[in-house]
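>>> after the sequence you'll find the predicted model.
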Amino acid sequence: MKKEEFFDIIGEVDEQKILEANKGVSKKKKAHLMLMTSL
Amino acid sequence: MEDKDIISLYFQRNKIAIKETASKYGNYRKAIAKNILSNNEDAEECVNDTYLHTWNSIPPHEPQILSTYLGKITRRLSFDKFRYNTAYKRDGGEISLVLDELSECVSGNESVENELNKHQLIQEINNFLDTLSKENCNIFLYRYWYAMPVTDIAKRFKITENNVSVTLNRTRNKLKVYLTERGFEL
């Protein structure tokens, strides 16, 4: 498998996990805000 | 505005939906696009494209989690743009590093996976993520879903960059073993 395809497949993991990753950090460190302002 | 209200606006074909989406999730989308593209102009262009894609896909699709749905569209469009850019050797950036790391988990050969196998593979990756500690799972997702730089992950988790790199390396190795044991020769 090509690495690009593997990156695509990782993009399809459970949406709840992506949400929890964001929430989990934001609770402790306001990371959601940091992500939003990481430009 | 609540996500369910924004989704209702899309179903009503009310263009205020786009304005509300931009207001609530514009910066979130920009951050994802910027992680992948490392170029403000391209990132801005991708974010603008995501509004049309969102408008065209809701309905019929009704997202369960609006933020992640928008993030997925942004991630996909940004990665398409990255591929276009690299085809013409116009870009590199963080995503090149992310892909190089992921290359340790795969052969690099043309895939013969069919849609069913891909679905099973995604499920096994989900199962694998469930075996990780919360922190390690989140570090993995920040790196390989959000394509976030190691430096930024280290700051967020208040650990050293070396710790992040070591954690990611161990997780990649575990993932490769996990998938191989379940019959996936990637």
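Received the coordinates, thanks.
>>> and B:Lys158, how many neighbours does it have?
Neighbourhood size, B:Lys158 [other C-beta atoms under 10 Å in any protein chain shown]: 9. From N, CA and C alone the C-beta is placed, and that goes for glycine too.
>>> please apply the same query to B:Leu99.
There are 19 residues near B:Leu99, going by other C-beta under 10 Å.
>>> ok, it touching A:Phe7?
Yes. The pair B:Leu99 and A:Phe7 passes the contact test of C-beta atoms under 8 Å, sitting 6.1 Å apart.
>>> in chain A, which spans are helices?
For chain A, the helices defined by DSSP state H cover A:3-10, A:15-29, A:31-36.
>>> pick out the shakiest of the ones you listed, pLDDT-wise.
Least confident of those, judged by mean pLDDT, is helix A:31-36 with a mean of 51.
>>> enumerate every residue touching B:Glu2.
Listed by C-beta atoms under 8 Å, 6 or more residues apart in numbering or on different chains, B:Glu2 has no contact partners.
>>> quick one: pLDDT of it?
Looking at B:Glu2, its pLDDT stands at 93.
>>> measure it to chain A for me?
15 Å (C-beta to the nearest C-beta, to the nearest Å).
>>> now stretch B:139-148: how far from the chain's centre is it?
7 Å (C-alpha atoms, centre = their mean, to the nearest Å).
>>> ends of that stretch, what's the gap?
Stretch B:139-148 has an end-to-end distance of 9 Å (criterion: C-alpha to C-alpha, to the nearest Å).
>>> in chain B, what residue spans correspond to helices?
B:3-11, B:16-37, B:40-57, B:66-87, B:94-102, B:115-131, B:134-144, B:150-157, B:161-181.
>>> run the chain-centre distance for the fifth one.
In this view, helix B:94-102 has its centroid 13 Å away from the chain centroid, taken as C-alpha atoms, centre = their mean.
>>> show me where pLDDT drops low in chain B?
B:87-92, B:111-113, B:115 (pLDDT under 70).
>>> roughly how far apart are the residue nearest in space to the middle of it and A:Gly11?
By C-alpha atoms, centre = their mean, chain B has its centre lying nearest to B:Trp145, at 3.3 Å. For B:Trp145, the distance to A:Gly11 equals 7 Å [C-beta to C-beta, to the nearest Å].
>>> mutual contacts of the two, please.
B:Arg75.
>>> count residues in the vicinity of the closest residue in space to A:Asp14 that isn't next to it in sequence, would you?
Of all residues not flanking A:Asp14 in the chain, B:Asn126 sits nearest, at 4.9 Å (C-beta to C-beta, 6 or more residues apart in numbering or on different chains). For B:Asn126, the count of nearby residues is 14 (other C-beta under 10 Å).
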